[in-house]
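Asks: I would like the atomic coordinates for the input below:
(2 chains)
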2 protein chains.
Amino acid sequence: MATEILISEVGPRDGLQSISRVMPLAAKCAWIDAEHAAGVREIEVGSFVSPQLLPQMADTAAVVEHALTLSGLTVAVLVPNLRGAQAAVRSGAHKITIPFSASETHSLKNVRRTHAQMFEETRQIVALVRELAPERRPRFEAGISTAFGCTYEGAVAADQVVRLSTQLIEIGCDTVGLADSVGYANPQQIKSLVRSVTAAIGRERFAGLHLHNTRGLGLANVVAGLELGVDSFDSSLAGLGGCPFAPGATGNIVTEDLVFMLEAMGCSTGIDLQRLLEVRELLARALPGEELHGYLPAAGVPLGFHPHS
Amino acid sequence: MATEILISEVGPRDGLQSISRVMPLAAKCAWIDAEHAAGVREIEVGSFVSPQLLPQMADTAAVVEHALTLSGLTVAVLVPNLRGAQAAVRSGAHKITIPFSASETHSLKNVRRTHAQMFEETRQIVALVRELAPERRPRFEAGISTAFGCTYEGAVAADQVVRLSTQLIEIGCDTVGLADSVGYANPQQIKSLVRSVTAAIGRERFAGLHLHNTRGLGLANVVAGLELGVDSFDSSLAGLGGCPFAPGATGNIVTEDLVFMLEAMGCSTGIDLQRLLEVRELLARALPGEELHGYLPAAGVPLGFHPHS
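Replies: Numbering: from 1, shown residues only, chains lettered A, B, ... in the order given. Presented below is the predicted three-dimensional model:
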């Protein structure tokens, strides 16, 4: 088990894109500042998508510009296509992730692209990134969504995910991550698929896990990942955004609960849990009425709890 | 990892004792019938405590009498002392559990007894049970509460839990289980303590885990237990009773979520998830307004999900 774990906060992207409210730029920046001050080392600050489609993300370039002023922070963004990647490169983000759906049906419904078309888009982004001078070159990651199942197709074959991972590395992505955005994964499946994918592409090419807590298995799936040496997990402060088809349930796993679990297990996240909990107040003020999730914030840390960090 | 897992439903005891409402006998019996029909093989149906203290449990003898008519069901009860054990023996319950707090402070505050006094009480119950003819003899289990930490003492030394487990087996308890009623445990600690306790008393004497989800780690802790071959877990339908110090949070881990996770992982629980979910309606009718917890009930099973059982 890895003892140093990277938590990548995705709330400003995955959380905010899931709620209809648009958070003002100043509030986004204050949120990112506060998490950075609490010790968070990577934040997915937004996505370069059409502002018609997701007005919540229209100011992503400005958010990146601000986030780049924070020392030691890896500034990550999501891009659905080449056009988004061009904007991301212009913004100077350190890490660019393209979501690539393992389920072709999901890909067609979500971004209206076949796998072949997605590969073409991805190749063009690789070319774009490789043109840049090494010091300006962002890390380019493919996040394989619906890797553990799809709401349209149901089960997704592990072989399919392994094949896509291999091809994505072959065409030049730096790393591949696995995402369970619909909360279908179980711990056994996490182990099995992570084992297969890392065997195929090499552990150093495996970026980490993006897990949702739709069916309550989010942290159990983290434990399964930890067992296999996974050392990077996405999560969202207060589980912001919730889950569209499970009222009251979280979408992304909750950063506060994840940090608590990892620190209690003796892993080091570099994050100050108490300061992280205080960031919730900022969210509550910026998004009044929005449901904030998390068990630890409600129950508090155990008496005598000593974080590892 | 064990592939056949016993889920012991504790809702009629741990769930009901945590809410002020008294569920009528007929509703309790209907609940137990419905879970039995869904395939649940062990139910803790009540506790033999003072009806002044817990009026919710006053009809436990009658509940046991009914539950004993259900074929193949292990009828379990909780007893705080010899007097309760005598009533339990008279009732004909198959399994008697005494909660024994690893934290002496908790023991003093909770049942006003030192460890020495608890051992004496336990010895007397052993004697009572051993007087009985083998075919009438219930299994006598010690459930070590606050095994993973205590709200009064904070951390509880693993050595203390191992020593108590060993002594409890030596004085004649059939099995020892570990309980985290305050939701302090983390997966690393589960592994470490289960390993130490089973090494000390033997795997066949280890009964299983009683976990709460107070800090959201309930199912993650189950996964840690599974890794070590633990094959029996307590849980409560709809997480009934909730958590007194974390509004909206569950107390016991939720039976529906647990069954889903285990079946998804390829374990067999013998429980029909669909029929189990239907039992919630009975609870909703019997306890109007009471909060019913659970992720799976809100989100539904994944498309194409095939349970193992």
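Asks: Now do the closest residue to residue A:83 other than its chain neighbours against chain B, distance only.
Replies: Distances taken as CB to CB, 6 or more residues apart in numbering or on different chains place residue A:48 nearest to residue A:83, at 7.7 Å, with adjacent residues excluded. Bear in mind the C-beta positions are built from the backbone N, C-alpha and C, glycine included. Residue A:48 sits 30 Å away from chain B, taking CB to the nearest CB, to the nearest Å as the criterion.
Asks: so who does residue A:48 touch?
Replies: Neighbour list for residue A:48: A:57, A:60-61, A:77-80, A:83-85, A:87-88, A:91 [criterion: CB atoms under 8 Å, 6 or more residues apart in numbering or on different chains].
Asks: for residue A:1, same thing?
Replies: Shown in contact with residue A:1 (CB under 8 Å, 6+ apart): A:226-227, A:229, A:267.
Asks: ok, 7 Å please
Replies: By CB atoms under 7 Å, 6 or more residues apart in numbering or on different chains, residue A:1 lies in contact with A:226-227, A:229.
Asks: Against which helices or strands is the longest helix belonging to chain A packed?
Replies: Using DSSP state H, we find that the single longest helix of chain A is helix A:115-131. If contacts are counted by 3 or more CB pairs under 7 Å, 6 or more residues apart in numbering or on different chains; DSSP states H and E, helix A:115-131 sits against helix A:82-91, strand A:95-101, helix A:104-111, strand A:139-145.
Asks: give me that answer again for 8 Å
Replies: Packing contacts for helix A:115-131, counted by 3 or more CB pairs under 8 Å, 6 or more residues apart in numbering or on different chains; DSSP states H and E, involve helix A:82-91, strand A:95-101, helix A:104-111, strand A:139-145, helix A:158-170.
Asks: quick one: that helix to helix A:158-170, angle?
Replies: Relative orientation of helix A:115-131 and helix A:158-170, computed by axes from the mean of the first three to the mean of the last three CA atoms, to 10 degrees: 30 degrees.
Asks: so where's the stretch 1-150 of chain A shaky on pLDDT?
Replies: Along the stretch 1-150 of chain A, no part satisfies pLDDT under 70.
Asks: how about the residues of it near chain B?
Replies: Within the stretch 1-150 of chain A, the positions adjacent to chain B are A:149-150 by CB under 8 Å from any CB of the partner chain.
Asks: Pick out the residue of the stretch 1-150 of chain A closest to chain B.
Replies: Minimum separation of the stretch 1-150 of chain A from chain B (CB to the nearest CB) falls at residue A:149, amounting to 5.3 Å.
Asks: mind listing what that residue touches?
Replies: Contact analysis of residue A:149 by CB under 8 Å, 6+ apart lists A:155-156, A:180, A:182, A:184-185, B:302-304.
Asks: Distance of the residue nearest to residue A:83 relative to residue A:74?
Replies: Residue A:48 sits 17 Å away from residue A:74, going by CB to CB, to the nearest Å.
Asks: List the buried residues for stretch A:268-279?
Replies: Under the neighbour-count criterion of 16 or more other CB atoms under 10 Å in any protein chain shown, stretch A:268-279 has A:269-273, A:276-277, A:279 buried.
Asks: Which parts of the stretch 151-300 of chain A are strands?
Replies: A:175-180, A:206-211, A:232-235 (DSSP state E, counting those that start in this stretch).
Asks: any chance of those in JSON lines, plus mean pLDDT and mean neighbour count?
Replies: What follows is the strands of the stretch 151-300 of chain A, written out as JSON lines (pLDDT from 0 to 100; neighbours: other CB atoms under 10 Å in any protein chain shown):
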{"stretch": "strand A:175-180", "mean pLDDT": "97", "mean neighbour count": "25"}
{"stretch": "strand A:206-211", "mean pLDDT": "98", "mean neighbour count": "26"}
{"stretch": "strand A:232-235", "mean pLDDT": "98", "mean neighbour count": "26"}
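Asks: Need the phi and psi values for the residue of the stretch 1-150 of chain A closest to chain B.
Replies: When read as degrees, to the nearest 10, the backbone of residue A:149 gives phi 140, psi 160.
Asks: Identify the residue nearest it in space, chain neighbours excluded?
Replies: Taking CB to CB, 6+ apart, and ignoring the residues beside it in sequence, residue A:149 has residue A:184 as its nearest neighbour in space, at 3.2 Å.
Asks: That neighbour - how many residues pack around it?
Replies: Other residues lying near residue A:184 total 27 when counted by other CB atoms under 10 Å in any protein chain shown.
Asks: residue contacts, residue A:232?
Replies: A:5-8, A:177, A:207-209.
Asks: Ok, residue A:270 next?
Replies: Residues counted as contacts of residue A:270 (CB under 8 Å, 6+ apart) are A:4, A:39-41, A:309.
Asks: In contact with whatever residue of the stretch 101-250 of chain A ends up closest to chain B: list those residues for me.
Replies: Distances between the stretch 101-250 of chain A and chain B by CB to the nearest CB are smallest at residue A:154, namely 2.7 Å. Residue A:154 makes contact with B:302-305, according to CB under 8 Å, 6+ apart.
Asks: What of residue A:174?
Replies: Residues near residue A:174 by CB under 8 Å, 6+ apart: A:139-141, A:205.
Asks: can you do 7 Å?
Replies: Contact analysis of residue A:174 by CB under 7 Å, 6+ apart lists A:139-141.
Asks: Near residue A:3, how many other residues are there?
Replies: 12.
Asks: Grab the nearest non-local neighbour of it.
Replies: Leaving aside its sequence neighbours, residue A:3 sits nearest to residue A:267 (CB to CB, 6+ apart; 5.5 Å).
Asks: Is the one you found in contact with residue A:7, as I believe?
Replies: No - with contact defined as CB atoms under 7 Å, residue A:267 does not reach residue A:7; the gap is 10.0 Å.
Asks: Looking at the two, which has the bigger crowd around it?
Replies: With neighbours defined as other CB under 10 Å, residue A:267 and residue A:7 compare such that residue A:7 has more, 25 against 20.
Asks: Could you verify that that one is part of a strand?
Replies: Yes - Residue A:7: assigned to a strand according to DSSP: H, G, I helix; E, B strand; the rest coil.
Asks: how far away is it from residue A:271?
Replies: To residue A:271, residue A:7 is 6 Å away according to CB to CB.
Asks: Overlap of the contact sets of those two?
Replies: Residues touching both residue A:7 and residue A:271 by CB under 7 Å, 6+ apart: A:40, A:259.
Asks: Count the neighbours of residue A:151 for me.
Replies: Look at residue A:151: counted by other CB under 10 Å, it has 17 neighbours.
Asks: which residues touch the residue nearest the centre of chain A?
Replies: Closest to where the C-alpha atoms of chain A average out (CA atoms, centre = their mean) is residue A:234, at 4.1 Å. The contact partners of residue A:234, by CB under 7 Å, 6+ apart, come to A:8, A:10, A:210, A:252.
Asks: For those residues, which single residue is the most surrounded?
Replies: residue A:252 (32 neighbours).
Asks: Not including adjacent chain positions, what is the nearest residue to that residue?
Replies: Spatial nearest neighbour of residue A:252, excluding adjacent residues (CB to CB, 6+ apart): residue A:236 at 3.5 Å.
Asks: What's opposite that neighbour in the beta bridge?
Replies: residue A:254 (DSSP bridges).
Asks: what's around it, how many residues?
Replies: Other residues lying near residue A:236 total 31 when counted by other CB under 10 Å.
Asks: any idea how far it lies from residue A:216?
Replies: Residue A:236 is 16 Å from residue A:216, where distance means CB to CB.
Asks: Out of the contacts of residue A:270, which comes closest to residue A:163?
Replies: residue A:4 (31.0 Å; CB to CB).
Asks: which residues touch residue A:162?
Replies: Neighbour list for residue A:162: A:196-197, A:200 [criterion: CB under 7 Å, 6+ apart].
Asks: Weed out the non-buried ones from those.
Replies: Buried among these by 16+ other CB under 10 Å: A:197, A:200.
Asks: what would the contacts of residue A:162 look like in CSV with distance to chain B and pLDDT?
Replies: Output for the contacts of residue A:162, formatted as CSV (distance: CB to the nearest CB, whole Å; pLDDT from 0 to 100):
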residue, distance to chain B, pLDDT
A:196, 16, 98
A:197, 19, 98
A:200, 22, 98
